[in-house]
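Enquirer: got a sequence here, can you build the structure:
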Amino acid sequence: MPSSIKPGIYDPGLADDNLWVQTEDAQAMARQLAREGLLVGISGAANVLAATRVAEQLSNDKRSGLIVTILCDGGQKYLSEHFWND
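Expert: Okay, the predicted model is just below:
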């Protein structure tokens, strides 16, 4: 995401692939997840969106797989952000 901060321990060489997620798309996913009862932060929502895209690609390729993601933050600290009103 354009708004992401990479921690010092991040090693880009370990990833098989990197998926670009627009901040606005992650915010939209956070709103969707909140409507479904899961209050997560922007990075957690970006993870769900990326996992969904991987699942769609596997399905399009007629492949199966197990997709795991981590919801690494809660949405409480973002409640004052404007995107909730979009």
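Enquirer: any stretches of the chain with poor pLDDT?
Expert: Scanning the chain for pLDDT under 70 picks out the ranges 1-3.
Enquirer: quick one: the helices in it?
Expert: With DSSP state H as the criterion, the chain has helices at 23-35, 42-60.
Enquirer: need those in a markdown table (columns: mean neighbour count and distance to residue 67).
Expert: (Glycine included, C-beta is placed from N, CA and C.) Shown next, in a markdown table, are those (neighbours: other Cβ atoms under 10 Å; distance: least, Cβ to Cβ, whole Å):
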| stretch | mean neighbour count | distance to residue 67 |
| --- | --- | --- |
| helix 23-35 | 17 | 15 |
| helix 42-60 | 17 | 5 |
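Enquirer: just put these in CSV and tack on distance to residue 66.
Expert: Shown next, in CSV, are the helices of the chain (distance: least, Cβ to Cβ, whole Å):
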stretch, distance to residue 66
helix 23-35, 21
helix 42-60, 10
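Enquirer: to residue 10, which of those lies closest?
Expert: Proximity to residue 10, assessed across those by Cβ to Cβ, is greatest for helix 42-60 (12.6 Å).
Enquirer: output the contacting helices and strands for that closest one.
Expert: helix 23-35 (3 or more Cβ pairs under 8 Å, 6 or more residues apart in numbering; DSSP states H and E).
Enquirer: how far out from the middle of the chain is the helix it packs on?
Expert: Centre-to-centre, helix 23-35 and its host chain are 9 Å apart (Cα atoms, centre = their mean, to the nearest Å).
Enquirer: what's the answer for stretch 9-26, then?
Expert: Chain-centre distance of stretch 9-26: 10 Å, with Cα atoms, centre = their mean.
Enquirer: for that stretch, which positions count as buried?
Expert: Buried residues in stretch 9-26, counting neighbours by 16 or more other Cβ atoms under 10 Å, are found at 21, 25-26.
Enquirer: wouldn't residue 78 be in contact with residue 43 here?
Expert: No - contact criterion Cβ atoms under 8 Å: residue 78 and residue 43 do not qualify, at 10.2 Å.
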